[in-house]
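Novice: sequence? don't have it. structure:
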Ligand SMILES: [Zn+2]
């Protein structure tokens with residue numbers, strides 16, 4: 001029903017659409033004006049064979065040389081070849097094995113020309129820039145007969161067949177369920193000197209690794225798929241038309257503008273629901289079993305639309321589709337393609353655990369962090385996954401309960417932010433590597449811990465230090481400056497520096513390097529410990545001076561008893577962050593001390609009629625990076641062990657979930 005409604009609305013765009021072909025860059029169908037530079041674009045026309053699980057057809061792809069020098073080769077991702085053998089870089093570590101002979105996946109180019117009569121098929125070479133693996137065929141170099149001059153457009157007409165893999169890892173099929181992602185030859189990003197701090201012009205086109213996903217130009221897509229009429233479809237594009245071809249076949253036509261990847265799905269079992277958020281048509285494709293959770297899922301995605309729209313910047317497209325895959329297709333769950341994302345079937349999750357909502361909010365968030373702000377996830381996964389996890393945690397805890405956003409049982413509660421923090425602090429190896437590594441370089445299975453959990457944890461810590469208002473303004477400025485471009489981590493840090501300086505002057509120094517050098521470019525841990533509180537009565541003076549016995553009269557002393565209290569703090573970790581210390585006296589007085597946290601220890605001393613009875617480092621939980629909060633005060637230790645055991649179990653479960661779903 002949702003599809004039918006959409007079709008009638010979209011029909012008026014149809015004539016406009018065909019005027020635009022074949023040049024995808026021109027004209028507007030989806031958004032009012034181009035959001036990006038549109039340096040690449042794709043017109044794709046394929047047929048789905050649901051028995052063989054292949055897509056065969058033709059593509060016209062273009063790339064604009066925006067550099068100031070001629071370019072004589074093109075580089076393209078051939079993602080599906082990650083599934084073509086057990087020797088691919090993706091599979092070399094045994095992450096995936098084909099489900100029988102028809103489980104392998106691949107993409108094969110049958111023909112390629114440049115539109116000027118030059119057959120380029122013989123120029124194709126597979127290259128492996130990351131690891132030199134000669135058995136990896138996920139990056140293809142296209143040699144060009146002549147250089148593409150600055151400002152000129154390269155057009156490639158490519159005939160190709162894509163075979164989907166099974167079981168599904170992000171992309172693939174099981175029975176008649178098809179999730180079609182990373183499925184066509186796709187340009188890498190041609191970067192010019194200065195962009196993302198690189199020194200010379202060149203293609204950035206990495207191999208497909210188990211832990212890396214995207215880096216692409218914002219593109220225009222016109223995609224037509226011919227398939228049996230009983231398949232229900234959805235995509236990251238706007239549905240332009242469904243044409244009944246007779247003989248049980250139909251052609252589905254989509255257009256997408258200014259998105260970094262185009263994915264789609266087809267399955268006869270889908271139920272389709274559409275709701276409206278402002279001017280956005282939000283479509284959910286789910287299984288019959290998932291219908292009962294549909295309200296919760298819509299609510300979650302609309303919370304995220306509201307929150308990120310207010311705190312970061314507008315969601316600019318009039319369409320958004322999300323998918324709850326059936327249980328059999330769970331391998332497609334938890335992925336992001338900007339205007340299409342996949343959640344997880346929420347049918348089996350009890351309502352006290354907001355797991356499905358969390359996944360929905362996370363994957364939608366990638367529309368911003370990676371989709372609009374198109375960072376390089378291969379090289380700097382924290383810019384994508386860390387920032388997105390930070391916002392996911394804020395949204396989940398804001399809407400589902402501060403302190404219990406993720407898990408809400410009478411005897412056990414956990415916020416989503418705590419889940420992230422605990423994943424970081426309890427992971428072995430959380431201090432063996434820096435947080436700025438390329439996704440495939442994280443040692444000892446620390447990719448998830450570092451890219452998601454640690455980065456989100458220090459972003460919360462940054463918020464604690466500079467304040468929520470400044471943090472929100474950092475992201476508004478990040479969006480304003482970098483939307484529909486390709487920011488690096490350093491570009492993000494430059495925004496932090498500028499906004500912090502604008503709002504706080506030199507309060508935090510010339511720049512925030514002292515922070516990022518430790519948490520991002522360093523591997524140390526942060527741990528402050530309250531080592532002791534002493535309160536001693538100040539005794540009257542007695543003793544011997546130069547051999548004479550001396551006695552002071554009572555008038556030399558206060559009539560009240562005075563105490564000397566000392567609060568001793570130690571820095572156990574390498575990371576030095578400013579911390580607050582709250583000190584309470586037995587007469588009810590409280591003092592909030594501020595310490596720069598730099599020295600190895602600090603003693604606070606007080607003389608007065610009151611005794612210090614309690615003290616706590618970081619009383620408002622601003623420094624999420626502190627790996628041990630139990631030693632922050634004297635009074636938290638009781639009643640903790642049982643809860644901590646349960647929390648640890650829960651965190652292990654969450655870590656397992658994150659490693660199953662790539663999120
Ligand atoms: Zn993610």
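Specialist: Cool, got the structure. Note that the coordinates shown come from a computational prediction; the quantities given were computed from them, not determined experimentally. Numbers count the residues shown, from 1 in each chain.

Novice: which residues of the stretch 451-600 of the chain score low on pLDDT?
Specialist: In the prediction, the stretch 451-600 of the chain carries residues with pLDDT under 70 at positions 541-560.

Novice: count the residues that sit near the closest residue to the ion within it.
Specialist: Using C-beta to the ion, the point where the stretch 451-600 of the chain gets nearest to the ion is residue 452, with a distance of 7.1 Å. Using the backbone N, CA and C atoms, a C-beta is placed for each residue, glycine as well. A total of 26 residues lie near residue 452 under the criterion other C-beta atoms under 10 Å.

Novice: setting aside sequence neighbours, what's the nearest residue to the residue of the stretch 351-500 of the chain found nearest the ion?
Specialist: Proximity to the ion, evaluated over the stretch 351-500 of the chain using C-beta to the ion, is greatest for residue 385 at 4.8 Å. Once flanking residues are discounted, residue 385 sits nearest to residue 451: 4.5 Å by C-beta to C-beta, 6 or more residues apart in numbering.

Novice: just to be sure, the one you found is in a helix?
Specialist: Yes - with DSSP: H, G, I helix; E, B strand; the rest coil as the criterion, residue 451 is located in a helix.

Novice: that one reaches residue 386, doesn't it?
Specialist: Yes - with contact defined as C-beta atoms under 8 Å, residue 451 and residue 386 form a contacting pair (5.9 Å).

Novice: not counting its own residues, what contacts stretch 276-292?
Specialist: By C-beta atoms under 8 Å, 6 or more residues apart in numbering, the list of residues contacting stretch 276-292 from outside reads 2, 6, 232, 234, 265, 267, 269-275, 293-294, 297-298, 301-302, 305, 315, 317-327, 345-347.

Novice: for ChimeraX, what selects the buried ones among these?
Specialist: Selection of buried members from those for ChimeraX, criterion 16 or more other C-beta atoms under 10 Å:
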select :2,6,232,234,265,267,269,270,271,272,273,274,275,293,294,297,298,301,302,305,315,317,319,320,321,322,323,324,325,326,345,346,347
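
Novice: coming back round to it: pretty sure the residue of the stretch 351-500 of the chain closest to the ion sits in a helix.
Specialist: Yes - looking at residue 385 with three-state DSSP, it is inside a helix.

Novice: quick one: contacts for it?
Specialist: With C-beta under 8 Å, 6+ apart as the criterion, the residues that contact residue 385 are 377, 451, 452, 455, 663.

Novice: cool, and residue 436?
Specialist: If you count contacts by C-beta under 8 Å, 6+ apart, residue 436 has them with 380, 382, 489, 520, 521.

Novice: repeat that for 6 Å
Specialist: Counting by C-beta atoms under 6 Å, 6 or more residues apart in numbering, residue 436 makes contact with 520, 521.

Novice: who's the closest spatial neighbour of residue 268, skipping the chain neighbours?
Specialist: Here the nearest residue to residue 268 in space, its sequence neighbours aside, is residue 230; by C-beta to C-beta, 6+ apart that works out to 4.8 Å.

Novice: is that neighbour in a helix, a strand, or coil?
Specialist: Judged by three-state DSSP, the three-state class of residue 230 is coil.

Novice: which intervals of the chain have sub-threshold pLDDT?
Specialist: Within the chain, the ranges that satisfy pLDDT under 70 run 1-26, 345-348, 541-560, 635-663.

Novice: where exactly do the helices run in it?
Specialist: Counting by DSSP state H, the chain has these helices, from start to end: 2-10, 14-20, 294-311, 355-365, 381, 387-400, 416-426, 447-448, 455-466, 468-482, 489-504, 513-519, 641-660.

Novice: tabulate these (a markdown table), appending distance to residue 201.
Specialist: Supplementary listing: those in a markdown table, determined by distance: least, C-beta to C-beta, whole Å:
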| stretch | distance to residue 201 |
| --- | --- |
| helix 2-10 | 40 |
| helix 14-20 | 30 |
| helix 294-311 | 33 |
| helix 355-365 | 32 |
| helix 381 | 24 |
| helix 387-400 | 27 |
| helix 416-426 | 37 |
| helix 447-448 | 30 |
| helix 455-466 | 29 |
| helix 468-482 | 20 |
| helix 489-504 | 18 |
| helix 513-519 | 27 |
| helix 641-660 | 37 |
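
Novice: in TSV: those, plus distance to the ion.
Specialist: Output for the helices of the chain, formatted as TSV (distance: least, C-beta to the ion, whole Å):
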stretch	distance to the ion
helix 2-10	26
helix 14-20	32
helix 294-311	13
helix 355-365	6
helix 381	9
helix 387-400	5
helix 416-426	12
helix 447-448	10
helix 455-466	11
helix 468-482	17
helix 489-504	16
helix 513-519	20
helix 641-660	9
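
Novice: tell me how many other residues crowd the residue nearest to residue 268.
Specialist: Neighbouring residues of residue 230 were enumerated by other C-beta under 10 Å; the total is 13.

Novice: does it really touch residue 266, like I thought?
Specialist: No - in terms of C-beta atoms under 6 Å, residue 230 does not count as a neighbour of residue 266; the distance is 9.9 Å.

Novice: most neighbours among the contacts of residue 385, which one?
Specialist: Neighbour counts for the contacts of residue 385 (other C-beta under 10 Å) peak at residue 455, which has 29 neighbours.

Novice: could I get the full set of strands for the stretch 51-200 of the chain?
Specialist: Secondary structure of the stretch 51-200 of the chain, counting by DSSP state E, counting those that start in this stretch: strands at 54-64, 71-77, 106-113, 125-126, 139-148, 153-163, 172-174, 177-180, 186-187, 189-191.

Novice: buried stuff in the first one?
Specialist: Of the residues in strand 54-64, those with enough neighbours to count as buried (16+ other C-beta under 10 Å) are 54, 55, 56, 57, 59, 60, 61, 62, 63, 64.

Novice: go through those residues and say which is closest to the ion.
Specialist: If you rank those by distance to the ion using C-beta to the ion, residue 55 comes first, at 25.8 Å.

Novice: now do the contacts for that closest one.
Specialist: Taking C-beta under 6 Å, 6+ apart as the contact definition, residue 55 lies against 46, 48, 162.

Novice: rebuild those as CSV, extending it with distance to the ion and neighbour count.
Specialist: Supplementary listing: the contacts of residue 55 in CSV, determined by distance: C-beta to the ion, whole Å; neighbours: other C-beta atoms under 10 Å:
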residue, distance to the ion, neighbour count
46, 28, 22
48, 27, 26
162, 24, 25
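
Novice: pull the contacting residues for residue 365.
Specialist: 388, 391, 392.

Novice: need the nearest residue in space to it, chain neighbours excluded.
Specialist: Using C-beta to C-beta, 6+ apart and skipping the chain neighbours, the partner closest in space to residue 365 is residue 388 (4.5 Å).
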